[in-house]
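Chemist: Model the following, please.
(one chain, ligands or ions: 2)
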Amino acid sequence: MVGGHLLHGGDYNPEQWLDCPEILEEDIRLMKEAGVNCVTLGVFSWSVLEPEEGVYNFGWLEEIIDNLGHAGIQVILATPSGAMPHWMTQKYPEVMQMRQDGSRNLPGKRHNFCYTSPVMRKKTAAVDEALSRKFGRKENVILWHISNELGGNFSDGACHCEACQSAFREWLKEKYGTLDNLNRAWWGRFWSHEYTEWEQIHSPADRGETTVTALELDWRRFVTEQFCSFCEMEISAVKKHSDLPATTNYMDIFKNINYNRLARGLDIISWDNYPFWHREKDEVPTAVRAAFNHSMMRSMKKQPFLLMESAPSVINWRENNPVKRPGMHMLSSMQALAHGSDSVQYFQWRKGRGSYEKFHGAVLDHKNGSNTRVFREVSEVGRRLPGLEHLLDGTVNRPDAAVLFDWENWWAVEDITGPRLDLDYPGYVMDHYRAFWEQGIEADIVDMDADLSGYRLVSAPLNYMYKTGWAEKIRTFVRDGGIFVTTFFSGMADETDLCFTGSHPLEDVLGVVQEEIDAPSKDFENRFIYSGKEYPAVRMCEIVHVKEGTEVLSVYERDFYAGLPVVTRRSYGEGQVYYLAAESDLSFLRRFYENIFDSCGMKNVLGAKLPYGVTVTERTACLPDPADADTGTGDCRGAMFVMNFKNEPVFVECAGEWTDAENGEAFSGKIRLEAFGCKVLLSRKTK
Ligand code: GLA
Ligand code: ZN
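Modeler: Ligands and ions are numbered 1, 2, ... in the order given. Model (predicted):
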């Protein structure tokens with residue numbers, strides 16, 4: 001565990017209150033009252049840390065770090081590059097991003113910097129190194145927090161300035177060697193898009209090139225690489241005089257940066273979670289999205305991650321911003337722990353009086369001090385976490401299943417002009433993931449570079465792009481006994497978006513021959529019967545044939561392709577593959593996955609049929625031995641989280657006997673969960 005504890009606290013921006021010493025004193029007193037043991041300092045503090053170019057003013061920060069230290073509060077120290085001071089943009093206007101239309105941004109906001117700019121890199125490295133020298137070995141500083149939400153601000157988050165254009169060309173030279181190779185990979189002959197000099201290449205832009213999809217893909221890869229190299233530059237600067245680990249805070253699946261790639265340079269993954277709770281009465285879609293993100297963060301290193309920011313109650317940037325209903329704060333905090341977080345951190349500790357985020361919720365409001373519902377609910381989390389620390393230390397979720405979510409596939413499938421222009425890759429993957437979540441089957445969320453060897457089941461919805469080596473990886477996975485699920489419009493193109501010719505790269509494994517793909521209008525929607533029930537086939541209906549040995553589980557009922565397969569299954573080696581030729585609905589996906597889970601004996605850790613709105617997941621210190629599963633023997637320490645996302649009490653019928661990890665209460669047969677309740681049970685294998 002970073003810092004030796006489950007961390008509780010969040011972004012603390014005391015520079016807003018330096019002229020109010022009584023506020024700074026009250027902060028520490030109330031932090032103790034709320035059970036805060038860790039705060040993040042220095043995010044966006046550049047103008048106070050370096051008020052003039054090259055003049056550092058770290059005294060205020062040192063005093064605050066020391067005062068926190070005396071109160072037993074640890075510090076995550078951020079580098080200030082998330083927002084630039086005005087002296088910088090005034091003196092070096094080239095540090096501001098250029099938009100794709102060629103216009104240079106004006107000063108202001110955050111993240112408005114060119115990550116290629118040599119000046120920006122130099123100034124950032126200098127202040128980072130100075131911070132490292134000053135605080136890198138301070139006792140209560142535990143972690144470096146690089147910048148803030150990289151890439152999150154202007155339109156596409158990318159910079160299109162001349163420095164970036166020439167870096168892009170260099171990157172392409174490195175990748176392709178010759179223009180000939182590049183032209184071939186990008187299918188340049190079409191529409192006379194061949195390049196004869198590297199200087200002719202320009203980033204994608206609405207008033208320029210947007211039709212060469214391989215250019216778009218390579219540009220996105222390059223942008224990710226530039227962010228990674230900026231972040232890695234910052235990491236080496238802060239590590240100059242310090243051995244502390246480093247993280248940077250991710251956002252809810254963010255399209256502009258391939259987070260799996262960025263993860264390689266980080267020691268710890270962290271992210272900022274702002275679900276739209278109470279968007280509707282049914283909290284399940286929101287809970288599923290949060291669980292998906294948490295699980296993805298955990299899967300990147302198969303290690304616990306940190307919840308770096310969350311809202312104690314309200315946020316301020318959605319069209320309407322509901323307050324968290326009583327109980328939701330505890331539940332959403334526990335949900336993060338359940339899926340592998342070792343922290344519950346907030347944005348921010350105290351609401352500022354002015355500017356952009358004065359109405360964004362914080363632990364302390366403008367009024368009423370600690371006498372608020374929000375403060376009490378935060379303090380309740382603060383009291384609960386220490387009791388779970390020992391139990392969760394060294395544990396993580398170790399699921400049998402994985403769902404593929406791959407950034408490059410995302411970019412490719414949504415950039416093409418194909419059967420539909422409204423393809424929503426994350427939304428579609430999340431529909432599949434939801435079927436796992438509802439049945440309490442934990443899944444890792446992995447990309448095509450992942451090692452699949454530990455999984456029994458891998459699902460790859462809308463897996464349009466097959467990266468080099470992916471087909472072979474799946475073939476081996478299935479041959480060795482894995483179960484693989486994939487869908488229509490999979491295996492269409494390679495890494496530079498060139499379509500495969502001849503056959504699908506896994507045609508022999510899937511036993512399915514793709515022929516046409518229909519994106520039917522409403523009046524032409526189709527249907528099929530699966531497991532005795534009728535389901536819709538909508539939006540994407542692939543017309544496929546099967547090879548000998550492939551079992552057809554459902555066929556289309558209507559139109560000229562009536563009788564052709566929709567759902568198929570095939571054995572390959574020791575394993576099995578399922579192919580879904582059409583998009584359907586949630587009720588189908590539930591049924592479909594339930595059948596797969598049953599057929600391979602995958603059960604949730606409670607062995608229970610879960611009521612709607614309830615899910616369960618488990619963190620363990622080691623891989624449980626399946627042989628011990630029913631006997632309750634073994635010594636794999638861990639905890640199970642049973643969560644109720646309904647705002648009313650529910651009963652969960654379950655097999656076996658369970659012990660509440662927090663109060664020792666024993667259950668058998670039935671567990672009652674309060675409205676928005678979460679119980680932590682001892683893992684069956686805890687001795
Ligand atoms: C992000 C940022 C924070 C703050 C919050 C508001 O997560 O990192 O600085 O702006 O959003 O929700
Ligand atoms: Zn630039």
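
Chemist: what residues are up against the residue in the stretch 201-350 of the chain positioned nearest to ligand 1?
Modeler: For the stretch 201-350 of the chain and ligand 1, the shortest gap (CB to the nearest ligand atom) falls at Asp272, measuring 3.8 Å. Placement of C-beta: from N, CA and C, glycine included. Neighbouring residues of Asp272 by CB atoms under 8 Å, 6 or more residues apart in numbering: Glu149, Asn249, Tyr250, Met251, Asp252, Met308, Glu309, Ser310, Phe347.

Chemist: same check, this time on Lys175
Modeler: Applying CB under 8 Å, 6+ apart, the residues contacting Lys175 are Leu182, Asp218.

Chemist: For ligand 2, give me its nearest residue in the stretch 351-500 of the chain.
Modeler: Scanning the stretch 351-500 of the chain for proximity to ligand 2 using CB to the ion identifies Trp411 as nearest, at 20.0 Å.

Chemist: who touches the spatially most central residue of the chain in this structure?
Modeler: In the chain, the centroid-proximal residue (CA atoms, centre = their mean) is Asn293; its distance is 3.8 Å. By CB under 8 Å, 6+ apart, Asn293 lies in contact with Asp252, Ile253, Trp271, Asn273.

Chemist: Out of these, list just those in strands.
Modeler: Within the contacts of Asn293, residues falling in strands by DSSP state E are Trp271, Asn273.

Chemist: How about the contacts made by the nearest residue to Leu7 once chain neighbours are set aside?
Modeler: Sequence neighbours aside, Ser343 is the residue nearest to Leu7 in space, at 3.6 Å (criterion: CB to CB, 6 or more residues apart in numbering). Listed by CB under 8 Å, 6+ apart, the contact set of Ser343 reads Val2, Leu6, Leu7, His8, Cys38, Ser270, Leu306, Leu307, Met308, Ala336.

Chemist: Scan the chain for its longest helix.
Modeler: Of all segments of type helix in the chain, defined using DSSP state H, the longest is helix 213-238.

Chemist: What helices and strands are in contact with that one?
Modeler: Contacts defined by 3 or more CB pairs under 8 Å, 6 or more residues apart in numbering; DSSP states H and E place helix 213-238 against helix 118-135, helix 162-176, helix 259-263, helix 407-415.

Chemist: mind putting these in a markdown table, mean pLDDT included?
Modeler: Output for the helices and strands packed on helix 213-238, formatted as a markdown table (pLDDT from 0 to 100):
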| stretch | mean pLDDT |
| --- | --- |
| helix 118-135 | 98 |
| helix 162-176 | 98 |
| helix 259-263 | 98 |
| helix 407-415 | 97 |
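
Chemist: could I get those as JSON lines with distance to ligand 1?
Modeler: JSON lines is the format used below for these (distance: least, CB to the nearest ligand atom, whole Å):
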{"stretch": "helix 118-135", "distance to ligand 1": "18"}
{"stretch": "helix 162-176", "distance to ligand 1": "24"}
{"stretch": "helix 259-263", "distance to ligand 1": "15"}
{"stretch": "helix 407-415", "distance to ligand 1": "20"}
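
Chemist: burial count for Glu495?
Modeler: 18 (other CB atoms under 10 Å).

Chemist: thinking it is in contact with Met465, fair?
Modeler: Yes: between Glu495 and Met465 there is a contact under CB atoms under 8 Å: 6.7 Å.

Chemist: Please enumerate the shared neighbours of those two.
Modeler: The contact lists of Glu495 and Met465 share Glu408, where a contact means CB under 8 Å, 6+ apart.

Chemist: before we move on, the earlier item: for the residue of the stretch 201-350 of the chain closest to ligand 1, give its distance to Asp365.
Modeler: Separation of Asp272 from Asp365 (CB to CB, to the nearest Å) stands at 21 Å.

Chemist: how near is the residue of the stretch 201-350 of the chain closest to ligand 1 to Tyr92?
Modeler: Taken as CB to CB, the span from Asp272 to Tyr92 is 29 Å.

Chemist: cool, and Pro536?
Modeler: 57 Å.

Chemist: Tell me which of these two has more neighbours.
Modeler: For Pro536 versus Tyr92, neighbours defined as other CB under 10 Å are more numerous around Tyr92 (18 against 15).

Chemist: so what's Asn153 scoring on pLDDT?
Modeler: Asn153 carries a pLDDT value of 64.

Chemist: the strands in the stretch 201-350 of the chain, which residues?
Modeler: For the stretch 201-350 of the chain, the strands defined by DSSP state E, counting those that start in this stretch occupy 246-247, 249-250, 270-273, 306-310, 343-346.

Chemist: Nearest to ligand 2, out of these?
Modeler: Ranking these by proximity to ligand 2 (CB to the ion) places strand 249-250 first, at 22.2 Å.

Chemist: Show me what that closest one packs onto, helices and strands only.
Modeler: strand 270-273.

Chemist: Using PDB, write out every CA atom in stretch 134-141.
Modeler: Output of stretch 134-141 as PDB, limited to C-alpha atoms (Å, rounded to 0.1, in the frame of the first residue of the first chain):
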ATOM      1  CA  LYS A 134      13.400  20.300  -1.800                       C
ATOM      2  CA  PHE A 135      10.800  17.700  -1.000                       C
ATOM      3  CA  GLY A 136      11.900  14.400  -2.600                       C
ATOM      4  CA  ARG A 137      13.000  12.900   0.700                       C
ATOM      5  CA  LYS A 138      10.600  14.500   3.100                       C
ATOM      6  CA  GLU A 139       9.200  12.000   5.500                       C
ATOM      7  CA  ASN A 140       5.500  12.600   5.000                       C
ATOM      8  CA  VAL A 141       5.700  13.000   1.200                       C
END
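
Chemist: Quick check: most distant residue from the centroid of the protein.
Modeler: No residue in the chain sits farther from the centre than Phe560, which is 41.4 Å out by CA atoms, centre = their mean.

Chemist: Please report phi then psi for the residue nearest to Ile28 when sequence neighbours are not counted.
Modeler: Using CB to CB, 6+ apart and skipping the chain neighbours, the partner closest in space to Ile28 is Ala71 (4.9 Å). When quoted as degrees, to the nearest 10, the phi and psi of Ala71 stand at phi -90, psi 10.

Chemist: No more questions from me, cheers.
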